[in-house]
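**Q** predicted structure and sequence below. I'll ask about it afterward.
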Amino acid sequence: MQLIVAALLLAGLRLYRVTSYAVTRRRTEIGIRMALGAAPVGVIRLELRRVALLVGTGVMVGRT
């Protein structure tokens with residue numbers, strides 16, 4: 001049980017790091033979107049959609 005919890009914790013931390021890195025690299029694009037009138041909720045939704053795609057792909061690959 002402890003091993004599963006540790007694995008989930010490490011996977012969550014890694015996902016956070018990858019997401020943080022991707023958002024940092026796209027900071028200029030996000031700023032331009034916001035300057036042109038994009039709603040903050042829309043920008044957050046865009047990034048969360050990308051994270052969901054990464055998680056979904058990881059789950060599908062992990063199941064095989």
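**A** Nice, thanks for sending it over.
**Q** low-confidence stretches in this protein?
**A** Residue ranges of the chain with pLDDT under 70: 64.
**Q** ok, for the spatially most central residue of it, nearest residue in space, not its chain neighbours?
**A** In the chain, the centroid-proximal residue (C-alpha atoms, centre = their mean) is residue 51; its distance is 3.2 Å. Setting aside the residues directly before and after it, residue 51 is nearest to residue 19 in space (C-beta to C-beta, 6 or more residues apart in numbering), at 5.4 Å. Every C-beta, even on glycine, is put in place using the N, C-alpha and C of the backbone.
**Q** ok, how many other residues are close to residue 23?
**A** 15 (other C-beta atoms under 10 Å).
**Q** in the helix or strand where it lies, which residues are buried?
**A** Residue 23 is part of helix 2-25 when elements are defined by DSSP states H and E. Buried positions in helix 2-25, judged by neighbour count with 16 or more other C-beta atoms under 10 Å: residue 19.
**Q** and it, what other elements does it pack with?
**A** helix 40-63 (3 or more C-beta pairs under 8 Å, 6 or more residues apart in numbering; DSSP states H and E).
**Q** buried stuff in the helix it packs on?
**A** By neighbour count on 16+ other C-beta under 10 Å, the buried set for helix 40-63 is residue 43.
**Q** contacts for it next, please.
**A** Residues outside helix 40-63 that contact it (C-beta atoms under 8 Å, 6 or more residues apart in numbering): 15, 18-19, 22-23, 30, 33-34.
**Q** as a markdown table, those with distance to residue 6 would be great.
**A** Converted to a markdown table, those look like this (distance: C-beta to C-beta, whole Å):
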| residue | distance to residue 6 |
| --- | --- |
| 15 | 15 |
| 18 | 19 |
| 19 | 20 |
| 22 | 25 |
| 23 | 26 |
| 30 | 33 |
| 33 | 38 |
| 34 | 38 |
